[in-house]
Every structure is written in structure tokens, then in C-alpha cells.
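Student: The sequence and its predicted three-dimensional model are supplied below.
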Amino acid sequence: MILTLDNITKSYSNIKALDSVSTKFETGHIYGLLGRNGAGKSTMIKTLTGKIFADEGTIALDGKDPITDEGAKRNIYSVGEENYFVSGEKIKKIFKEYAYYTNRSFDEMCMLADKFELNINKSWEKQSTGYRTIFKDILALTASESFIFFDEPILGLDATHRDLFYQLMLEKFNLDKCFVISTHLIEEVSKLIDSVKLIHHGKLIVDEEKEALLANLHRVSLNSNESIDLQNIVVLEDKTTPLGRSIIYKGELNIEEDRINNVDLQEYFIAVCK
Ligand SMILES: Nc1ncnc2c1ncn2[C@@H]1O[C@H](COP(=O)(O)OP(=O)(O)OP(=O)(O)O)[C@@H](O)[C@H]1O
């Protein structure tokens, strides 16, 4: 299945949160939806799940509008900062309701709660920040929808719980699923994702497979007074410190191989999102 966005634009009064974004999400992939604070990631996710409406553009899931077509709508689930739960309701009751109204298994939700040591006899509101995220992650991990959008799924999670979440997410993934993870912990999710979508000031500036993207990125370290020919490369960052000069670039540079280093996704992110 393919979820396509064509020229999606969304403004909040004078803020263009999404600016003519065109892209697609396909089953069989885990995407990292990256961007600085306020870049437009949540707006994109909310637009795809009908929580807000785009001003312009179209969204289609295998040709059908997932906002209006009930069948298409049932293929997309998102979890984010919004809370649609009844105030004071215990998590166990919410799990029972979700098991009744959706395809989720109550036993599976309880089993995951056990793994995270989430107290389901307590109201969702009385959980700590991390446990509120875990509660929502459990709803997402047990969802039967093909497209799952995780908006900040590791917000407030300690390192052990983040590791458990990544492990469970990979166990749940299969070629009929599409997972989209929006987070600021780029280094950690870099190991899980196969594709990168990077939004900057509402525009989609990177939309590539992770391996292909990283294979073309390099860093070279130079002495402060050393000059090289930069004509055949795209310079993404050029920094000079008292220790020397460091250049992050795309392309091939004619220089000794042992002076060239790899660049990771987080370094790339910092270089391009200025
Ligand atoms: N309900 C709203 N009313 C007005 N402006 C909004 C609203 N929601 C989002 N915005 C603005 O739209 C822009 C994009 O916000 P969005 O929440 O999509 O960013 P984000 O990439 O998810 O950010 P973060 O990583 O900080 O959560 C921001 O400038 C934000 O202030």
C-alpha cells in the first residue's frame, strides 16, 4: 500500500506549517520523520490522520482519500501528544474499550504493560510523563492498521524503556506495515529506520533511503591554512576551530582516503537544519 501526499500546504494564520509537501509512505518501510522544533512534523501527521485539514493538496491511500473513505481511514493510526481519553479513566478500562471497539487484544495490551511495568489500575492522567507515552505506545504497538505514525514515541522514556520500545517495534514490523517515527533522538532511531524524511520550516528537504543518503556524505579534516578544491562537492558545513578545519560534504573529493570520515545522520541533520 502507498500513502501519497501531493502538494500539501497547511497554515496557521501567518505561519506556513507545511509548504507544498509531496511525498509517499510505503508499506514495508520504517521512516524517520525528522525536523527541528516547529518544523511541521506533527502537522504532517495530523493532516494524514484527519485530525486537522490541509488548506491545499491531496492525500491518497492507494488512490482513496483516507480522510473520507472509511476503508482507507481504517488503515492509518497515529499516536501523539493529544489525549482523547476520558478524564480519570483507568488504563485497564481503556484497554478493555480498545479491545472491544478495535481489533486489539486485551491480553496483548496487558502483556506489554507488564513488560514496561505500567500500572494499569491507575488513571492515565496520574501516570508520569514517560508512562503516559508508554501507555500510548502500547495502543500503537497493538494496532492492526497498516500505517502507524509514532509522534514522539520515546518522549520521557528512560534508556531501558526506549530500548524495549525499539525491540517491540521491530518485532511488530512486517512487510505489510509502514512505521513512521518522529523524534529528536536521531542517533537512536537511525539504527531502526530505512528511510529519512526531513522537514525544515515546513518544506520537505530530504526524502531518501538512509543508506543511500549516508553513503554520499563525508567529512574531511584539514589544517587551518590548507586549501583544497571544493568545486566538485556540495559543502554542507565548513567549520574552523583552533584545532583545524572540518568540512561535511556530499560527493567525491580528490584527497587521501584516510583523511575522509563517515558522517552520521545526526551530524548531517545539524549541518543542514541551520
Ligand atoms: N494549533 C496551532 N495553532 C497555531 N500554530 C500552530 C498550531 N499547531 C502548530 N502550529 C505551528 O506550526 C508550526 C509547525 O508545528 P508542528 O507542531 O507541526 O512542528 P513539529 O515539527 O511537530 O515540532 P516539535 O518537534 O517541536 O513538536 C510551528 O510553527 C507551530 O508553532
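Tutor: The structure has been received and is ready for your questions. Numbering: from 1, shown residues only.

Student: From now on I want contacts and neighbour counts done on CA atoms only, so please keep to that.
Tutor: Noted.

Student: what's the helix or strand of the chain with the lowest mean pLDDT packed up against?
Tutor: When each helix and strand of the chain is scored by mean pLDDT, DSSP states H and E, helix 70-73 comes last, with a mean of 90. Here helix 70-73 touches no other helix or strand, going by 3 or more Cα pairs under 8 Å, 6 or more residues apart in numbering; DSSP states H and E.

Student: Show me what secondary structure element comes after it.
Tutor: strand 76-79 (DSSP states H and E).

Student: where does that next one sit relative to the chain's centre, distance-wise?
Tutor: 12 Å (Cα atoms, centre = their mean, to the nearest Å).

Student: If you count neighbours, what's buried in the least confident helix or strand of the chain?
Tutor: The neighbour-count check on helix 70-73 (16 or more other Cα atoms under 10 Å) flags 72, 73 as buried.

Student: how close does the residue of the chain positioned farthest from its centre get to residue 235?
Tutor: Within the chain, the residue lying farthest from the chain centre (Cα atoms, centre = their mean) is residue 225, at 40.6 Å. From residue 225 over to residue 235 the distance is 18 Å, taken as Cα to Cα, to the nearest Å.

Student: do residue 202 as well
Tutor: 23 Å.

Student: likewise residue 28?
Tutor: Distance from residue 28 to residue 235, by Cα to Cα: 33 Å.

Student: what about residue 202 and residue 235, which has more around it?
Tutor: Comparing residue 202 with residue 235 by other Cα atoms under 10 Å, the one with more neighbours is residue 202, at 24 against 17.

Student: The residue lying closest to residue 272 once chain neighbours are set aside is in what secondary structure piece?
Tutor: Leaving aside its chain neighbours, residue 272 sits nearest to residue 236 (6.4 Å; criterion: Cα to Cα, 6 or more residues apart in numbering). Per DSSP H and E, residue 236 falls inside strand 234-241.

Student: So which residues make contact with the following helix or strand past that strand?
Tutor: With elements assigned by DSSP H and E, the helix or strand that comes after strand 234-241 is strand 244-250. Contacts to strand 244-250, defined as Cα atoms under 8 Å, 6 or more residues apart in numbering, come from residues 216-224, 233-240, 263, 268, 271.

Student: Report the contact partners of residue 170.
Tutor: Going by Cα under 8 Å, 6+ apart, residue 170 touches residue 192.

Student: All the helices of this protein, in order from the start?
Tutor: Counting by DSSP state H, the chain has these helices, from start to end: 41-48, 70-73, 91-101, 106-116, 129-141, 159-172, 186-190, 210-215, 265-272.

Student: between the ones you listed, which gets the lowest average pLDDT?
Tutor: With a mean of 90, helix 70-73 has the lowest mean pLDDT of these.

Student: circling back to that earlier point, identify whichever of the helices of the chain lies nearest to the ligand.
Tutor: helix 41-48 (3.7 Å; Cα to the nearest ligand atom).

Student: which of the residues in the closest one are buried?
Tutor: 41, 42, 43, 44, 45, 46, 47, 48.

Student: residues contacting the residue lying closest to the fifth one once chain neighbours are set aside?
Tutor: Nearest residue to residue 45, sequence neighbours excluded (Cα to Cα, 6+ apart): residue 149, at 6.9 Å. Going by Cα under 8 Å, 6+ apart, residue 149 touches 45, 76, 77, 78, 79, 179, 180, 181, 182.
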